[in-house]
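A.B. asks: Task: produce atomic coordinates for the following.
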Amino acid sequence: VQLVESGGGMVQPGGSLRLSCAASGFTFSGYDMSWVRQAPGKGPEWVSTIKTDGGNTYYVDSVKGRFTSSRDNAKNTLYLIMNSLKPEDTALYYCARVLPTTTRSYDYWGQGAQVTVSS
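C.D. replies: Model (predicted):
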């Protein structure tokens, strides 16, 4: 199993970024997937989860209306579109495979993509 994030970077407040997570080594369409972030000096924070078919997505309150998670099961890729970025969104963003029959437990993580929001 391999998860590889890309698309991070530095952006000014109010800007946008799109993260991608390329999955391999498993049947991507069979798993819920999540984004989890970790800000400097803080613990991991769940950001969003998308169900296997992409029909349902869930978000932490602080990103609702600004972030959109999607997936392309034909391309084995997970996405996170982040708009109206704020300095408090600065973190290392991980994609993670949700452990079956759970909602917030993960068995595989990517290496992370750094997102820095600063003027």
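A.B. asks: what about the residue nearest the centre of the chain, which helix or strand?
C.D. replies: By Cα atoms, centre = their mean, the chain has its centre lying nearest to residue 35, at 2.8 Å. Remark: residue 35 resides in strand 33-38, with elements defined by DSSP states H and E.
A.B. asks: which residues sit against that strand?
C.D. replies: Outside of strand 33-38, the residues within contact range by Cβ atoms under 8 Å, 6 or more residues apart in numbering are 19, 21, 23, 44-50, 69, 71, 78, 80, 89, 91-98, 104, 106, 109, 112, 115. Glycine gets a C-beta too; all of them are placed from N, C-alpha and C.
A.B. asks: Show me which of these are buried.
C.D. replies: 19, 21, 23, 46-50, 69, 71, 78, 80, 89, 91-98, 106, 109, 112, 115 (16 or more other Cβ atoms under 10 Å).
A.B. asks: In strands, which of the contacts of strand 33-38 appear?
C.D. replies: Counting by DSSP state E, the part of the contacts of strand 33-38 found in strands is 19, 21, 23, 44-50, 69, 71, 78, 80, 91-98, 106, 109, 115.
A.B. asks: any idea how far the nearest residue to residue 45 once chain neighbours are set aside is from residue 67?
C.D. replies: Beyond its immediate neighbours in the sequence, the residue positioned closest to residue 45 (Cβ to Cβ, 6 or more residues apart in numbering) is residue 37, lying 5.4 Å away. From residue 37 over to residue 67 the distance is 10 Å, taken as Cβ to Cβ, to the nearest Å.
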